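A.B. asks: my questions concern the predicted model and sequence given below.
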Amino acid sequence: GFGDNSRVIAWICDQCDGNGDAVETPLGLVPTKDALDLTNLEIKPEVMEQLLRVDPSEWTEMIADLRRYFTMFGDRLPPVIQQQMALLEERLSEAGPNYTWQ
């Protein structure tokens, strides 16, 4: 529900204030395992690790799907979206197949 979403929003606000704990990944900043307020939630550590996991091979597959989806917009797709996709692909490629952050 909204209450659970507010935990992530609080982390984002902390990031904007320069206070939220994060790790740099090919996707950008991701909360550290302890950065989100999990008060009154029963989330096992291994589940939290899975939720925060960044796997470049999975994201590379997702980018291929997004590119297919974006073809429906043709010339109407803003160039900045294409540029950001290319930059993301580059970061994922640089991370390599053995990159994992959990």
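C.D. replies: That came through fine.

A.B. asks: now the helices for this structure?
C.D. replies: Along the chain, counting by DSSP state H, helices occupy 2-16, 45-52, 56-70, 79-95.

A.B. asks: for these, which one sits closest to residue 36?
C.D. replies: Closest to residue 36 of the helices of the chain, according to C-beta to C-beta: helix 2-16, at 5.2 Å. Backbone N, C-alpha and C define where each C-beta goes, glycine included.

A.B. asks: look up how far residue 89 lies from the residue of the chain most remote from its centre.
C.D. replies: The centre of the chain is farthest from one residue, residue 75, which by C-alpha atoms, centre = their mean lies 27.0 Å away. The gap separating residue 75 from residue 89 is 21 Å, by C-beta to C-beta, to the nearest Å.

A.B. asks: nearest residue to residue 14 other than its sequence neighbours?
C.D. replies: In this structure, residue 14 finds its nearest non-sequential neighbour in residue 20, 3.3 Å apart by C-beta to C-beta, 6 or more residues apart in numbering.

A.B. asks: excluding its backbone neighbours, what's nearest the residue positioned nearest the centre of the chain?
C.D. replies: Nearest residue to the geometric centre of the chain (C-alpha atoms, centre = their mean): residue 27, 4.9 Å. Spatial nearest neighbour of residue 27, chain neighbours left out: residue 54 (5.8 Å); criterion: C-beta to C-beta, 6+ apart.

A.B. asks: I figured that neighbour hits residue 26, correct?
C.D. replies: Yes - taking contacts as C-beta atoms under 8 Å, residue 54 lies within contact range of residue 26: 6.5 Å.
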